[in-house]
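Colleague: next come a sequence and a model predicted from it.
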Amino acid sequence: MKEIVVISGKGGTGKTSLTASFAVLGAQDVIVADCDVDAADMHLLLEPDFKAAENFYSGFIAKIDQEACNRCGKCVDVCRFDAIPVIDDHYIVQPLDCEGCGYCARICPVDAIKMEEQNVGDWYISTIKTGSTMVHARLGIGAENSGKLVAKVKNEAKRIADEQQKDLVLVDGSPGIGCPVVSSLSGASFVILVTEPTVSGFHDLKRVYQLVNKFGIKAGCIINKADLNPGVNQQIREFLKNNAIEHITDLPYDESFTEAMTQGKTIIEFNGGELQKIVRQSWVKIKEFVNVL
């Protein structure tokens, strides 16, 4: 089983739209994992049915038993995150401020503070419009531990791929270089870097490739809206060549890409124009790269 991970150095490059297009082209041959849990939106294009859902618990938060609390204030004194204000003469834990360190519970003289495991989001197993399976998730507002939720999504996707004897897992990773991206890259067979020919796009491409290179994963690159800035496009091409990154394709700027999204469709389903042809050819090329790994 091979795992293809699609990432970008910054948001707005077309990463998720391309991943969804590849999911449609892969149809029932791929298991899809939406690991962009901080801003999950693959469901807008792939129409999952949310047939199975589970809460995801990770990390801890302090909870004060108001009846047992003797109002000594020691918890407030030791909390470095100012997470325990006094409201109407009651010591209250603010969930968004609590870091779950447990120091307050340790020093409470009457054991009025307990550390409870947090429900930080939900994860789902869905059938999507291609008839295939997608594992996806939604991180709670202000919740942390997105890397652990990504790992859960990926592990479930791989488990289902093994169970259904599928050869490919297609992962939509998060943009940037943070913890969820690191978690997305773990175990990847091939990474697709999606960028755009802007100064910030090129800068972030170089930054995210440093991370991919640390993992020693073979990578390819798609330059989206490639015709908007020929000068930066050429710089990106030289960077790809110098770092042995496969140049998968250049995608021209095309408003039909956005029009398809507004209708909840991928470019593969929207029209039969030149852009769709290039994306189809790109998917064939990607599978060829993966097959020789």
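Modeller: Thanks, I have it.

Colleague: so where do the strands sit in the stretch 101-250 of the chain?
Modeller: In the stretch 101-250 of the chain, the strands defined using DSSP state E, counting those that start in this stretch lie at 113-127, 133-139, 168-175, 190-195, 218-223, 246-250.

Colleague: buried sites along stretch 245-256?
Modeller: 245-246, 248-251, 254 (16 or more other C-beta atoms under 10 Å). Every residue, glycine included, has its C-beta placed from N, CA and C.

Colleague: farthest pair in the residues you listed?
Modeller: Within those, Ile245 and Asp254 form the most distant pair, 23.9 Å apart (C-beta to C-beta).

Colleague: got the strands of the stretch 101-250 of the chain as TSV, with distance to Phe60 and mean pLDDT columns?
Modeller: Below are these laid out as TSV (distance: least, C-beta to C-beta, whole Å; pLDDT from 0 to 100):
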stretch	distance to Phe60	mean pLDDT
strand 113-127	4	93
strand 133-139	17	94
strand 168-175	24	94
strand 190-195	33	97
strand 218-223	37	97
strand 246-250	43	97
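
Colleague: quick one: which of these is nearest Phe202?
Modeller: Relative to Phe202, the nearest member of the strands of the stretch 101-250 of the chain by C-beta to C-beta is strand 190-195, separated by 6.9 Å.

Colleague: each with direction, which strands does the closest one pair with?
Modeller: Paired with strand 190-195 in the same sheet, following DSSP bridges, are strand 2-8 (parallel), strand 218-223 (parallel).

Colleague: distance between the helix or strand that comes right after the first one and the chain's centre?
Modeller: Spelled out, that is strand 2-8. On the C-terminal side of strand 2-8, the closest following helix or strand by DSSP states H and E is helix 15-26. With C-alpha atoms, centre = their mean, to the nearest Å as the basis, helix 15-26 stands 14 Å off its chain's centre.

Colleague: and for stretch 120-128?
Modeller: Per C-alpha atoms, centre = their mean, the centroid offset for stretch 120-128 relative to its chain is 13 Å.

Colleague: then stretch 255-269?
Modeller: Mean C-alpha position of stretch 255-269 versus that of the full chain (C-alpha atoms, centre = their mean) differs by 21 Å.

Colleague: now that stretch: buried residues?
Modeller: By neighbour count on 16+ other C-beta under 10 Å, the buried set for stretch 255-269 is 257, 260-261, 265-268.

Colleague: and those, which of them are in helices?
Modeller: 257, 260-261, 267-268 (DSSP state H).

Colleague: follow-up on the earlier one: closest one of the buried residues of stretch 255-269 to Ala27?
Modeller: When these are ranked by distance to Ala27 (C-beta to C-beta), Ile268 comes first, at 10.2 Å.

Colleague: still on that earlier bit, tell me the most buried of the strands paired with strand 190-195?
Modeller: strand 2-8 (a mean of 25; mean count of other C-beta atoms under 10 Å).

Colleague: that strand to strand 168-175, inter-axis angle?
Modeller: 20 degrees (axes from the mean of the first three to the mean of the last three C-alpha atoms, to 10 degrees).

Colleague: looking at strand 2-8 now, give me its mean pLDDT.
Modeller: The average pLDDT for strand 2-8 rounds to 96.

Colleague: could you check the angle helix 15-26 makes with it?
Modeller: Orientation of strand 2-8 against helix 15-26 (the same axes, to 10 degrees) gives an angle of 150 degrees.

Colleague: please name the nearest non-neighbouring residue to the residue of the chain most remote from its centre.
Modeller: Distance from the C-alpha centroid of the chain peaks at Asn70, with 44.2 Å (C-alpha atoms, centre = their mean). Counting by C-beta to C-beta, 6 or more residues apart in numbering, Asn70 lies nearest to Val110, which is 5.3 Å off, once chain neighbours are set aside.

Colleague: and the one you found, how far from Val37?
Modeller: Distance, Val110 to Val37, using C-beta to C-beta, to the nearest Å: 38 Å.

Colleague: the two: who's more crowded?
Modeller: Taking Val110 and Val37 together and counting by other C-beta atoms under 10 Å, Val37 has the greater number of neighbours (27 against 11).

Colleague: among the ones in helices among the buried residues of stretch 255-269, pick out the one closest to Ile92, please.
Modeller: Of all those, Ile92 sits closest to Met261, with 42.8 Å by C-beta to C-beta.

Colleague: which residue sits closest to that closest one, ignoring its sequence neighbours?
Modeller: The shortest distance from Met261 to any non-neighbouring residue, by C-beta to C-beta, 6+ apart, is to Ser17 (6.1 Å).
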